[in-house]
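Undergrad: Here you go, sequence then predicted model.
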Amino acid sequence: MSPESSGAADVSWLGDRIDARAMFGPELRSLLDTLRGLTPADWSRTAAGHWTVHDVAAHLLGDYYGRLGHNHRNGFADGETLVAFIHRTNQEWVELHADDSPASLIDALAEAGTRLAHRFATADLDAAALGVSWAGVDPAPAWLDIAREFTEHWTHRQQIRHAIGLDTDPDPRALATVLDTFMRALPHTLRRTSAPVGAQVQVIAEGSGGGSWTATATADRWSLTYAPLAEAPLAEASSDRPTTAIALDTETLWQLATRGIGPADALARAQVQGDRRLAEAACQIVSIIH
């Protein structure tokens, strides 16, 4: 079924689709293994903003329930924006479950997460689905919505890992999927950046799980292509160079996309060739509701 016949927007300018359906089961198992290994003190450690590890786990449970069709969000307050609504209702859910025991949270996550993994496993990737605001697509095809959901689960697990002193999970397959999804925000990020037709902004993520994404200016938007890392090093010959090339390590790129670090810090860590104005614009990328 094509995106047009299923009601999803034409997002061919975002590049090839991502199939993250099979990744929810392993991601859930990794989360549960981490949570089951926590000490009582670990649950109170700060993990994301003012949220503790317990809060992040409760928030993930709310995400699972929401995707399973259990609407736990109240309606919009007068004059409330979508971003404010999401932040408010997320906080309300976390506060509602503040007294849940770690054991009960783990059991609920295991049950709901398993159901959700099964649901995603058979989803039609081309069906119309929830919009992805940071990619500028609404409605989005299910492949983008599902991949976006996977990045949220993965990111929250890394926040828990970091809170207890662990590094980012090095599994390259999961990281590659996360980065590929996050980079679908690049055309939307550059949408108001002026450049001649044919100008190219290349972002290279160096390291295991990395890759290369090139946004090309067309008459009406930027379009994205992906290449495996081995096929896209920073070009040596001037004739092969994009207008701008930005090389970052994978840790810096995912942290930038989720605002774990800011654009200035990312640029300070980057190797930049070409038009620095375009590099600065690309580093404004945000792949979460922020």
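TA: That came in fine, so what should we check first?

Undergrad: if I look at Glu27, how far off is Phe150?
TA: Distance of Glu27 to Phe150, given as C-beta to C-beta, to the nearest Å: 7 Å. Backbone N, C-alpha and C define where each C-beta goes, glycine included.

Undergrad: for Val11, that is, sorry about that
TA: For Val11, the distance to Phe150 - C-beta to C-beta - is 17 Å.

Undergrad: what's the burial count for Leu82?
TA: Leu82: 11 surrounding residues under other C-beta atoms under 10 Å.

Undergrad: now do Gly37
TA: Neighbour number of Gly37 under other C-beta under 10 Å is 10.

Undergrad: Which parts of the chain are strands?
TA: If DSSP state E is used as the criterion, the strands of the chain fall at 46-48, 51-52, 128-129, 140-141, 200-206, 211-217, 222-227, 244-249, 271-274.

Undergrad: Make CSV out of those strands and add mean neighbour count, distance to Arg259 and mean pLDDT.
TA: Converted to CSV, the strands of the chain look like this (neighbours: other C-beta atoms under 10 Å; distance: least, C-beta to C-beta, whole Å; pLDDT from 0 to 100):
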stretch, mean neighbour count, distance to Arg259, mean pLDDT
strand 46-48, 19, 11, 97
strand 51-52, 19, 14, 98
strand 128-129, 20, 24, 96
strand 140-141, 25, 21, 96
strand 200-206, 24, 16, 96
strand 211-217, 23, 19, 97
strand 222-227, 18, 21, 96
strand 244-249, 22, 15, 96
strand 271-274, 16, 20, 96
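
Undergrad: Could you save the ones you listed as CSV and add columns showing distance to Arg157?
TA: Below are the strands of the chain laid out as CSV (distance: least, C-beta to C-beta, whole Å):
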stretch, distance to Arg157
strand 46-48, 10
strand 51-52, 14
strand 128-129, 23
strand 140-141, 23
strand 200-206, 19
strand 211-217, 21
strand 222-227, 24
strand 244-249, 20
strand 271-274, 29
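
Undergrad: so which of these gets nearest Pro263?
TA: strand 244-249 (11.1 Å; C-beta to C-beta).

Undergrad: So which elements touch the closest one?
TA: Counting contacts by 3 or more C-beta pairs under 8 Å, 6 or more residues apart in numbering; DSSP states H and E, strand 244-249 packs against strand 200-206, helix 263-269, strand 271-274, helix 276-282.
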